[in-house]
Structure formats: structure tokens, C-alpha cells
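> Mind looking at a prediction? Sequence and model below.
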Amino acid sequence: MPEPSSGVTSQPEVTTGDDGLLGPPGYQVLREWAPPAAARARAIELVAAYRGSLREVVRNPHATQEWAQTLVRAPRLLAAVQGLIGDAVAVENTFLVIKWPGSDFEVPWHQDGINDRLELEPYRAVAAWIALTDADVETGCLHVVPGSQRAGYRPYEPEPATGAARGRALGARIAPETQGLPIPVPVGSGVLMDTRLVHCSHSNRGTGARIGLNIRYVAPGGIRRRDDSSPSLCPITGTGW
Ligand SMILES: O=C(O)CCC(=O)C(=O)O
């Protein structure tokens, strides 16, 4: 495996107002990145591993856990990502979220491509949210604001003291009355998102765990800014890292 590198380059600002890689909605549902039975089996193992501690967030499982190393390379997922950002792809970050039934866990409105540690170039990066269980309105599926990528990256605020504080999420500053569009997806499917798309998820009011993996993929030059606390890139395909 190639040596990890920072992947930082100086890129010109992308003019806001553009639709971005995923067109006017700013997202696309990805059908069956994996056979549902295989994804379901993985979820059963994750529930068994984390049920005792009721762990809700695992940061960067692709760096240490074999199942996640395999998942970020799932052929249909990788092909869809390469179709958007090109053949050379690295993983910048993964974020496993387990919403246990009956537990309050709101992920606030945010954009995946910006935080206090880094900023992603929206034409050289894409976010994927991968369902390891069925995710619907009751169990806490993603809600998106279609077209919100066109306004570019927004100011953001430190995480609130509760809720997604577990994941160090940052809240994008948007109108409080904003209603998102729920994106229910079955196990084994997922959502590809422009890194500027505003999205959130609500608590799980269902009866079983809801599990999803967020992956940030980048092409060479896909990181405009990062600080030393960001983990190394994990090259998946191609050269130029
Ligand atoms: O899994 C969720 O409910 C939300 C995750 C998410 O939005 C993210 O990691 O960016």
C-alpha cells in the first residue's frame, strides 16, 4: 500500500451557484452497493459487538477494522464514486453511526466537506452514506436539503453539548424552520452526496438498531485545507497521492 500523504493542494475557489457533481438535487440514491443479505449480516455483527456498551459512534473504522476496509472498496460503490471524481480515489474519513432504538441521537444539519480541521474541494470529493440496516423516517434516515450545495459552504457552529456531540459534528448555520427531504433507503443501498449538501438525521423511534457508515472519498487535490489532527488519507486506487 502506498505511503499515506496529506493530499493537500492549493485549489482555486469553486464559484458557488453551481449544481456540482451530482446535478441539481446534490445527491443521488445508490441502489445495492452490496447484496442486502451481506449488509444485513454485517449489521448483525456490529450490533453484537457494540450492544454491550451501546456505542453510538466509531470514528474511522476503515483505519482499523477489516469489515470497513472491505466496505469502502465495495465494487459498485467504488465504481459510482470513480464515475464522479475519477479513477484515483482515497478515503479521507469514515464515521460509523449506530442509532439505538429509543435513544435520543439527533445529527444536526451539517455539510460533510467542511469542519474546523479541513475543507474538501466539491469537484474532487464526494460523501457516501451507506445503509447497513433499513433506514426510514421512523428509524432515523438522512434528511437532505435538495439544491443546498449551490449556496456553497456555510458558516458552522461547534457541536451542541448533547446529541451529535458524540461524533464531534458541527452544525451548519441554516434557517431553523428548514424542513429536509427524508431519504429512506433499504439495507445495502445508500446515498451519494455533494460535500456541500446540507443534511441531518433524527433519532431512531423504531424497534431495531439503525446503522450507517459515512465515507468521505477524495481524488488527488481534493483537500483544500487540513490541519495536523486529520488522519492520513487511505489510498484505494490510482496514483498521485
Ligand atoms: O448516520 C447518520 O445518521 C448521519 C451521518 C452523517 O450525516 C454524517 O456522518 O455526515
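Arrived safely, thanks for sending. Residues are numbered from 1 along each chain as shown.
> Any stretches of this structure with poor pLDDT?
Counting by pLDDT under 70, the chain contains low-confidence ranges at 1-16, 158-171, 176, 229-231.
> remind me, longest helix of it?
helix 36-50 (DSSP state H).
> What is it packed up against?
helix 66-71, strand 89-99, strand 210-218 (3 or more Cβ pairs under 8 Å, 6 or more residues apart in numbering; DSSP states H and E). To be clear about C-beta, it is placed using only N, CA and C from the backbone, and glycine gets the same treatment.
> Wondering if the first one reaches the ligand at all.
No: using Cβ under 6 Å from any ligand atom as the criterion, no contacts between helix 66-71 and the ligand are found, and the smallest distance is 13.7 Å.
> cool, stretch 179-195 as well?
No: remark: stretch 179-195 sits outside contact range of the ligand, by Cβ under 6 Å from any ligand atom, the gap being at least 8.3 Å.
> Name the residues of this structure found near the ligand, please.
So the chain meets the ligand at F95, V97, V107, D112, G140, H199, S201, G212, N214 (Cβ under 6 Å from any ligand atom).
> Identify the farthest-apart pair in those.
The span of these, defined through Cβ to Cβ, is set by D112 and G140 at 17.2 Å.
> Neighbour count for the residues of the chain next to the ligand - can I get that in TSV?
Below are the residues of the chain next to the ligand laid out as TSV (neighbours: other Cβ atoms under 10 Å):
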residue	neighbour count
F95	22
V97	22
V107	26
D112	25
G140	24
H199	27
S201	26
G212	25
N214	21
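> nearest to Y153, of the residues you listed?
Using Cβ to Cβ, those come closest to Y153 at D112, 10.5 Å.
> For V91, give its distance to L71.
Taking Cβ to Cβ, to the nearest Å as the measure, V91 falls 10 Å from L71.
> Find the residues that touch each one of these two.
Counting by Cβ atoms under 8 Å, 6 or more residues apart in numbering, the common neighbours of V91 and L71 are H62.
> what comes into contact with stretch 74-83?
30, 32-34, 71-72, 89, 126, 128, 130, 190, 192, 217, 236-237.
> Please narrow those to those residing in strands.
Among these, the members falling in strands (DSSP state E) are L30, V89, V126, A128, I130, G190, L192, Y217, I236, T237.
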